[in-house]
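Engineer: One predicted model, sequence on top.
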Amino acid sequence: METFFKLKERGTNVKTEIIAGITTFMTMAYILAVNPSILSDAGMDPVAVLLATCLASFIGTLCMALMANLPFALSAGMGLNAYFAYTVVLSMGYTWQEALLAVFIEGIIFIILSLTNVREAIFNAIPLELKKAVSVGVGLYICFIGLQNAKLVTGGSTLVQMVNFKTDFHTVGITALLALFGILFTAILYIKKVPGSILIGIFGVWVLGIICQFIGIYIPDPDAKFYTLIPSFHMTDFSKLGETLGQCFKVDLQNLGIFNFIVIIFSFLFVDLFETLGTLIGVASKADMLDKDGKLPAVKPALIADSIATTAGALLGTSTTTTYVESAAGVSAGGRTGLASLTTALLFLLSTLLAPIFIAIPSFATAPALVIVGFLMFSGITELKMKEENYTSAIPAYICIFSMPLFYSISEGISLGIISYVIIHVFTGKAKEVNPIMYILTVLFILKYVFL
């Protein structure tokens, strides 16, 4: 392990890496419940989607571990799965098989782009200031996800507001309170440098939730999507995977609207590309893995692993598989090598056997981990130079940061950050300081907003 993963070189050990891998998995485990729920709305079998998600996550994360030696995990991308189900299938009228074909083609295109260094060139072209801003923005973004998962943040007349704890106390109220407790509990453990503090926080809140269910404070309400917190021990029906496996090839190409289908492919392509780049930048920055020029040495194999995962996921029967921002939880727990992601990969494989147990992990139990990790990533804002002489870079960084949580998209934050960076530099007489690739990206992003 020492020779292959270079543990000592990166200042870590086997125990730390395994804890980090478990921590990453626990913060990602909600996808095992969420993805089948979303894709089943498109007509797909939820058990088949669950198995496809587990296997695609295992393949992608294993590739990340062995090819790139990075502590990043992959699974079905949130946002991309919603686009798959609600836009492509339910709104545009494509079948879920045709949507899977679009994801498969996108994955093949990504493999080609990764092998030809196009994705790596884009990664390296983004200026260091924007990369640091991405880390901060991702921190706010995953914090917001955590607050939503905990139901601490709800919609309202002000668009977002704190939950009323008295409303539906036995479901929304108590879980929000447990999450709030979990945030403080995890923060205290982290400050005291308790090993595995984030993981302990997740299990602690989950156990408290189970106790609340036993004594009647928490009352499951499946119709409102508040399920029992006590795990089931029955095995998964593996034969269900046959309902999605290879279905992306069972498409009548003659009935496809080619132009719209190409638009769908490029929509997946754009979002996946910059969600992945944003996650790699943000998490690698937090882990101090970027070199002095802001480059990630292992970015090429990382991008290839991501591409393979997307292609495999489409074949198995799930929407775009991408690098997960929740990997930051494992990094914050000390993960620095592929041993952490190998651990996560094995847990995804194990979850095919015991999926009902992992599905029982409630989102309000993982929410505190996301909030605390969000803080740790947000702390990178101190590295940004916000003085007047650096406004040409600072303002685009600021736009990038606030765009991610407010538009609920890492890729939107990156695109708006890049567009504003180029425009501000051009009109303040600093056009020569901009990498030529940044101009190309700006044009492409503007075209995306116009046509997509």
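Structural biologist: Received it, and whenever you're ready, just let me know what you need.

Engineer: List the contacts of the residue most central in space within the chain.
Structural biologist: For the chain, the residue nearest the mean C-alpha position is residue 324 (3.1 Å; C-alpha atoms, centre = their mean). With contact set as C-beta atoms under 8 Å, 6 or more residues apart in numbering, residue 324 has these partners: 24, 28, 72, 73, 74, 75, 77, 279. Heads up, the C-betas are built off the backbone N, CA and C, glycines and all.

Engineer: likewise residue 197?
Structural biologist: 186, 189, 190, 333.

Engineer: Can you tell me which of these is closest to residue 44?
Structural biologist: residue 333 (33.5 Å; C-beta to C-beta).

Engineer: Tell me if I'm right that the closest one and residue 194 touch.
Structural biologist: No: using C-beta atoms under 8 Å, residue 333 makes no contact with residue 194, being 10.9 Å away.

Engineer: Which of these two has more residues huddled nearby?
Structural biologist: residue 333 (26 against 13; other C-beta atoms under 10 Å).

Engineer: Give me the subset of the contacts of residue 324 lying in helices.
Structural biologist: Those of the contacts of residue 324 mapping onto helices are 24, 28, 279, per DSSP state H.

Engineer: Got the confidence number for the residue nearest to residue 96 when sequence neighbours are not counted?
Structural biologist: Among residues not flanking residue 96 along the chain, residue 42 sits closest, at 4.6 Å (C-beta to C-beta, 6 or more residues apart in numbering). Listed pLDDT for residue 42 reads 90.

Engineer: And what about residue 42, helix, strand or coil?
Structural biologist: Counting by DSSP: H, G, I helix; E, B strand; the rest coil, the backbone at residue 42 sits in coil.

Engineer: where's it relative to residue 91, distance?
Structural biologist: Distance of residue 42 to residue 91, given as C-beta to C-beta, to the nearest Å: 11 Å.

Engineer: What of residue 377?
Structural biologist: 33 Å.

Engineer: Compare neighbour counts for those two and give me the winner.
Structural biologist: Neighbour count, other C-beta under 10 Å: between residue 377 and residue 91, residue 377 has more, with 27 against 10.

Engineer: quick one: that one from residue 323, how far?
Structural biologist: Applying C-beta to C-beta to residue 377 and residue 323 gives a distance of 15 Å.

Engineer: And residue 259, by the same measure?
Structural biologist: 30 Å.

Engineer: tell me which residues of stretch 431-439 are tucked away?
Structural biologist: Neighbour-count burial for stretch 431-439, counted by 16 or more other C-beta atoms under 10 Å, picks out 434, 437, 438.

Engineer: which residue sits closest to the second one, ignoring its sequence neighbours?
Structural biologist: Meaning residue 437. Leaving aside its sequence neighbours, residue 437 sits nearest to residue 125 (C-beta to C-beta, 6+ apart; 3.7 Å).

Engineer: In contact with that neighbour, which residues?
Structural biologist: Residue 125 touches 435, 436, 437, 438, 441, counting by C-beta under 8 Å, 6+ apart.

Engineer: Now with 10 Å, please.
Structural biologist: Residue 125 is in contact with 418, 434, 435, 436, 437, 438, 439, 440, 441, counting by C-beta atoms under 10 Å, 6 or more residues apart in numbering.

Engineer: Find the nearest non-adjacent residue to the second one, please.
Structural biologist: Leaving aside its sequence neighbours, residue 434 sits nearest to residue 425 (C-beta to C-beta, 6+ apart; 5.1 Å).

Engineer: Return the per-residue confidence for the one you found.
Structural biologist: At residue 425, the pLDDT recorded in the model is 95.

Engineer: Would you mark the buried spots in the one helix or strand residue 263 maps to?
Structural biologist: Assessed by DSSP states H and E, residue 263 sits inside helix 258-286. Of the residues in helix 258-286, 261, 264-286 count as buried by neighbour count, 16+ other C-beta under 10 Å.

Engineer: and the next helix or strand after it, average pLDDT?
Structural biologist: Using DSSP H and E, the helix or strand that follows helix 258-286 towards the C-terminus is helix 299-316. What helix 299-316 shows for mean pLDDT is 91.

Engineer: For helix 299-316, what is the distance to the chain centroid?
Structural biologist: Put simply, helix 299-316 sits 14 Å off its chain's centre (C-alpha atoms, centre = their mean, to the nearest Å).

Engineer: Next, the buried residues of the helix or strand following it.
Structural biologist: Using DSSP H and E, the next helix or strand after helix 299-316 towards the C-terminus is strand 321-323. By 16+ other C-beta under 10 Å, the buried positions in strand 321-323 come out as 321, 322, 323.

Engineer: which residues of this protein score low on pLDDT?
Structural biologist: 79, 254, 257, 293, 358-359, 452 (pLDDT under 70).

Engineer: From residue 99, how far off is the residue nearest to residue 96?
Structural biologist: Counting by C-beta to C-beta, the gap from residue 42 to residue 99 is 7 Å.
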